[in-house]
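> Sequence first, predicted model second:
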Amino acid sequence: MSKIRVLVVDDHTIVRDGICALLALAGDIEVVGEAANGKEALDMVRTLAPDIVLMDIAMPVMSGLEATKQLRKDFPAARIIALTQFDDKEYVFPLIEAGASGFLSKVAASSELTAAIRNVFKGDAFLSPTVAKVMMDDYRQAAATRDRSDSYEQLTPREKDVLKLVAEGYTTQEMADMLVLSPKTVEGHKTSLMSKLDVHSRIDLVKYALRKRIIDV
């Protein structure tokens with residue numbers, strides 16, 4: 001049975017040594033080469049044709065992100081697992097967009113490393129739990145923002161009028177005079193619309209109105 005051929009790319013020798021030592025314990029995985037930067041990785045992929053490239057991100061000469069983009073363009077058969085100490089979305093999403101099939105934190109357990117290699121080799125994606133949490137949190141935040149945006153359609157015509165006037169800086173009495181309503185009714189509309197939009201201050205209402213282009217700067 002042929003082994004999964006892996007290229008380890010990291011600018012720290014001690015890190016590469018540690019990864020290679022861990023992978024040597026796996027009977028179905030073989031490290032076929034080591035590179036210290038993205039440029040070396042490109043050259044070695046060309047000559048060694050590994051199945052999996054374990055790619056560090058922050059490296060001199062050529063970063064892991066740039067190397068990932070180039071590898072996906074020149075060697076689409078090679079699958080890339082980003083291996084990094086950075087697991088926030090500023091690193092995760094660009095790497096996924098660049099074509100990485102997996103994202104593994106350097107603090108991950110050795111079992112996660114071998115699992116990532118095996119899963120990606122089979123054609124699956126792999127995200128370490130910390131990275132999966134980053135993506136889940138971002139999705140939830142985006143969903144909450146989307147829900148707040150869509151909630152504008154839940155407002156009544158009067159509430160939309162009050163929202164616009166509040167955002168434009170009119171007082172309750174001025175709005176009451178303009179809409180031919182009592183100040184108490186205006187305040188009722190204001191309280192209702194703020195609840196529907198899940199905003200809690202006039203400043204938040206102004207920001208919302210600007211995002212929705214209800215008012216202009």
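Yep, that arrived. Residues are numbered from 1 along each chain as shown.
> rest of the way, CA atoms for contacts and neighbours
Noted.
> low-confidence ranges in the chain?
Applying pLDDT under 70 to the chain flags residues 86-91, 109, 130, 132-136, 138-150, 217.
> what ranges do the helices span in it?
Under the criterion DSSP state H, the chain contains helices at 13-23, 38-48, 64-74, 89-98, 110-121, 129-150, 157-167, 172-179, 183-197, 202-211.
> who does the first one touch, helix- and strand-wise?
For helix 13-23, the contact count by 3 or more CA pairs under 8 Å, 6 or more residues apart in numbering; DSSP states H and E identifies strand 4-9, strand 29-35 as packing neighbours.
> quick one: the longest one to helix 38-48, angle?
Read that as strand 29-35. 130 degrees (axes from the mean of the first three to the mean of the last three CA atoms, to 10 degrees).
> So in that sheet, which strands flank strand 29-35, and in what orientation?
strand 4-9 (parallel) (DSSP bridges).
> Can you say which of the helices and strands packed on helix 13-23 is nearest to residue 185?
Proximity to residue 185, assessed across these by CA to CA, is greatest for strand 4-9 (66.3 Å).
> who touches residue 196 in this structure?
By CA atoms under 8 Å, 6 or more residues apart in numbering, the contact set of residue 196 is 151, 154, 155.
> As a markdown table, the residues you listed with neighbour count and distance to residue 124 would be great.
Shown next, in a markdown table, are the contacts of residue 196 (neighbours: other CA atoms under 10 Å; distance: CA to CA, whole Å):
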| residue | neighbour count | distance to residue 124 |
| --- | --- | --- |
| 151 | 14 | 37 |
| 154 | 12 | 41 |
| 155 | 17 | 44 |
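> How far does stretch 71-87 sit from its chain's centre?
For stretch 71-87, the separation from the chain centroid amounts to 16 Å (computed by CA atoms, centre = their mean, to the nearest Å).
> Repeat that for stretch 112-125.
Using CA atoms, centre = their mean, the offset of stretch 112-125 from its chain centre is 20 Å.
> picking that back up, how about JSON lines for the helices of the chain, with distance to residue 5 added?
Putting the helices of the chain into JSON lines (distance: least, CA to CA, whole Å) gives the following:
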{"stretch": "helix 13-23", "distance to residue 5": "11"}
{"stretch": "helix 38-48", "distance to residue 5": "9"}
{"stretch": "helix 64-74", "distance to residue 5": "16"}
{"stretch": "helix 89-98", "distance to residue 5": "22"}
{"stretch": "helix 110-121", "distance to residue 5": "9"}
{"stretch": "helix 129-150", "distance to residue 5": "25"}
{"stretch": "helix 157-167", "distance to residue 5": "61"}
{"stretch": "helix 172-179", "distance to residue 5": "71"}
{"stretch": "helix 183-197", "distance to residue 5": "53"}
{"stretch": "helix 202-211", "distance to residue 5": "50"}
